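[1] All I have is the shape, not the residue letters:
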């Protein structure tokens, strides 16, 4: 059995995926929040106990600048950088077979054919009409499943379930 899905990597799809990957790094965001709150709490305690200290205020200000810079880099910058992506406007045809995933990609820069075994996929996440097949922390396949029938979508989930741990599939 084979199931074909054609995906065009347009600007909005790439930005949605970038936001998903950025927000998916929960440990990073939790660490940033806890560290910032802890340092600001210590600054407040220090100021109330010992009085104002300019160097402590400068250090806390730098931490806030770092927090804002991280938000800008992860959430806002993709709107500006995606138009330079080599993947922009690429047309990718995914063919799901029982044992492997076949990919045919065409863009203005290159044309590529490849086969990927399902065991290489670390995580599969469905978000609305899109399926993200995550290979590495910075590499994934974006599959548009919105045009597929519900039977085809269920068949893709079944194929992935046979080759991946159920915990790695977020449907």
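    Yep, it's here. It should be emphasised that the depicted structure is a prediction, and the values quoted were computed from it without experimental measurement. Numbering: from 1, shown residues only.
[2] gap between residue 68 and residue 32?
    11 Å (C-beta to C-beta, to the nearest Å). C-beta here means a position set from N, CA and C on the backbone, and glycine is covered the same way.
[3] and what of residue 142?
    From residue 142 across to residue 32, the span is 27 Å (C-beta to C-beta).
[4] Please identify which of the two sits among more neighbours.
    Using other C-beta atoms under 10 Å as the criterion, residue 142 and residue 32 rank with residue 142 on top: 21 against 16.
[5] so what's the nearest residue to the more buried one once chain neighbours are set aside up against?
    Among residues not flanking residue 142 along the chain, residue 17 sits closest, at 5.5 Å (C-beta to C-beta, 6 or more residues apart in numbering). Residues in contact with residue 17, defined by C-beta atoms under 8 Å, 6 or more residues apart in numbering, are 130, 132, 140, 142.
[6] quick one: the first one from residue 144, how far?
    Remark: distance between residue 130 and residue 144 (C-beta to C-beta) = 6 Å.
[7] Common neighbours of those two, please.
    With C-beta under 8 Å, 6+ apart as the test, residue 130 and residue 144 both reach residue 13.
[8] what about the residue most central in space within the chain, which helix or strand?
    Residue closest to the average C-alpha location in the chain (C-alpha atoms, centre = their mean): residue 21, at 1.9 Å. Using DSSP states H and E, residue 21 falls within helix 11-23.
[9] For the closest residue to residue 156 other than its chain neighbours, name its beta-bridge partners.
    Nearest non-adjacent residue to residue 156, counting by C-beta to C-beta, 6+ apart: residue 96, 5.5 Å away. According to DSSP bridges, the residues that bridge with residue 96 are residue 3, residue 101.
[10] I'd guessed residue 96 sits against residue 3; true?
    Yes. In this structure residue 96 lies within contact range of residue 3 using C-beta atoms under 8 Å: 4.3 Å.
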